[in-house]
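Asks: Give me a 3D structure for the following:
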Amino acid sequence: EVQLQASGGGLVQAGGSLRLSCTASGFDFDDYTIGWFRQAPGKEREGISFITSDGFIEYSDSVKGRFTISSDNAKNTVYLQMNNLRPADTAVYYCGASEVVIPTRQSHYEFWGQGTQVTVSS
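Replies: Below you'll find the model as predicted:
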């Protein structure tokens, strides 16, 4: 059974940090690009970062310089270290897996996790 388990969300004050984890099972993790997305209330889901199996990384402008994505292939897990959090970062965070090496749209993602809530208070 294919699973992506996102975890690590919570409530934090502005300026604080959280680390999200996305753990995969049921498919060959090494063949997939893993991306992080978020969806705030009333807004569309947006892509914020991805990491390819070769370690190529991209960030959206909204998180660049504050968030860091990394991968531990031995644990089939991708992390998103989020620093200097802002109230605007409040959202449900999702991870997805794409066989497309450099995904350019959300439809490229084949598998999705269930989401983890991040709330940043001012």
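Asks: Compute the number of surrounding residues for residue 25.
Replies: Residue 25 has 11 neighbouring residues, counting by other C-beta atoms under 10 Å. For glycine as for every other residue, the C-beta is placed from the backbone atoms N, C-alpha and C.
Asks: So what does the residue nearest to the spatial centre of the chain look like in phi/psi?
Replies: Central residue of the chain (C-alpha atoms, centre = their mean): residue 36, 2.3 Å from the mean position. Dihedral pair for residue 36: phi -110, psi 140, per degrees, to the nearest 10.
Asks: Return the set of residues that bridge with residue 4.
Replies: With DSSP bridges as the criterion, residue 4 is bridged to residue 24.
Asks: which residues touch it?
Replies: Each residue near residue 4 by C-beta atoms under 8 Å, 6 or more residues apart in numbering is listed here: 22, 23, 24, 95, 96, 97, 111, 112, 113, 114.
Asks: of those, buried ones?
Replies: Listed as buried from the contacts of residue 4 are 22, 23, 24, 95, 96, 97, 111, 112, 113; burial here means 16 or more other C-beta atoms under 10 Å.
Asks: Next, format these as CSV and append secondary structure and distance to residue 49.
Replies: Listed next are those as CSV, based on DSSP: H, G, I helix; E, B strand; the rest coil; distance: C-beta to C-beta, whole Å:
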residue, secondary structure, distance to residue 49
22, strand, 11
23, strand, 17
24, strand, 16
95, strand, 10
96, strand, 11
97, strand, 14
111, strand, 17
112, strand, 15
113, coil, 14
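Asks: Residue 23 versus the residue located most distally from the centre of the chain, what's the distance?
Replies: Going by C-alpha atoms, centre = their mean, the residue of the chain most distant from its centre is residue 122, 22.6 Å out. According to C-beta to C-beta, to the nearest Å, residue 122 and residue 23 sit 31 Å apart.
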